[in-house]
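Colleague: Below are the sequence and a predicted model for it; my questions follow.
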Amino acid sequence: QVQLVESGGGLVQAGGSLRLACAASGRTFSNLVMGWFRQAPGKEREWVAAISSRGTYTDATDSVKGRFTISRDNAESAVYLQMTNLKPEDTAVYYCAARRTYTAANLGNLGMYDYWGQGTQVTVSS
């Protein structure tokens, strides 16, 4: 089992920045591929970014490329999402998730992730 706890959400003005963190416990963190997802009110949960177990590979959805950066610290069993130039449309609950394998073709597939956190709210005001 893996437990994931997100933190760092909050209210920020458009153009501002936030850094989300996800602390993991349980299974060996360095073996896990980590992802960030988000879900806005009335919308489906969507993939934001993912990072391979050693941090060698990362990818992100087009709408956040150039603004969001995913990183990890295996010594701290944590994954981060640095968000800059935030827009009102980034408002959502952000979730971190873990899976066993890094497959570029299906990083956005929710069903491939085995463990989920409870989420942290990010609100961007215009």
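Modeller: Done, it's in.

Colleague: Just list the residues touching the spatially most central residue of the chain, thanks.
Modeller: Centroid-nearest residue in the chain: residue 36, 2.0 Å away (criterion: Cα atoms, centre = their mean). Residue 36 is in contact with 20, 22, 47-50, 70, 79, 81, 94-97, counting by Cβ atoms under 8 Å, 6 or more residues apart in numbering. Yep, even glycine has a C-beta here, placed from its N, CA and C like the rest.

Colleague: ok, those residues vs residue 119, which is closest?
Modeller: Within the contacts of residue 36, the smallest distance to residue 119 is 4.7 Å, found for residue 95 (Cβ to Cβ).

Colleague: Which helix or which strand is home to the closest one?
Modeller: Per DSSP states H and E, residue 95 falls inside strand 92-99.

Colleague: again with residue 49
Modeller: strand 46-51.

Colleague: Could you list the residues in contact with that strand?
Modeller: Outside strand 46-51, the residues that touch it by Cβ under 8 Å, 6+ apart are 33-39, 57-61, 64, 68-72, 79, 81, 94, 102, 107-110.

Colleague: can you do 6 Å?
Modeller: Outside strand 46-51, the residues that touch it by Cβ atoms under 6 Å, 6 or more residues apart in numbering are 34-38, 58-61, 64, 70, 72, 107-108.

Colleague: Tabulate the CA atom coordinates of stretch 5-20 in CSV.
Modeller: Extracted in CSV, the C-alpha atoms of stretch 5-20 (Å, rounded to 0.1, in the frame of the first residue of the first chain):
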residue,chain,number,x,y,z
VAL,A,5,-0.9,13.3,1.0
GLU,A,6,-1.0,16.5,-1.0
SER,A,7,-0.3,20.0,0.3
GLY,A,8,0.4,23.5,-0.9
GLY,A,9,-2.9,24.4,-2.5
GLY,A,10,-4.6,27.7,-1.9
LEU,A,11,-6.0,30.9,-3.4
VAL,A,12,-3.8,32.9,-5.7
GLN,A,13,-4.3,35.7,-8.2
ALA,A,14,-3.9,35.1,-11.9
GLY,A,15,-0.3,35.2,-12.9
GLY,A,16,0.8,34.0,-9.6
SER,A,17,2.6,30.8,-8.5
LEU,A,18,2.1,27.9,-6.2
ARG,A,19,4.1,24.8,-5.4
LEU,A,20,2.2,21.6,-4.6
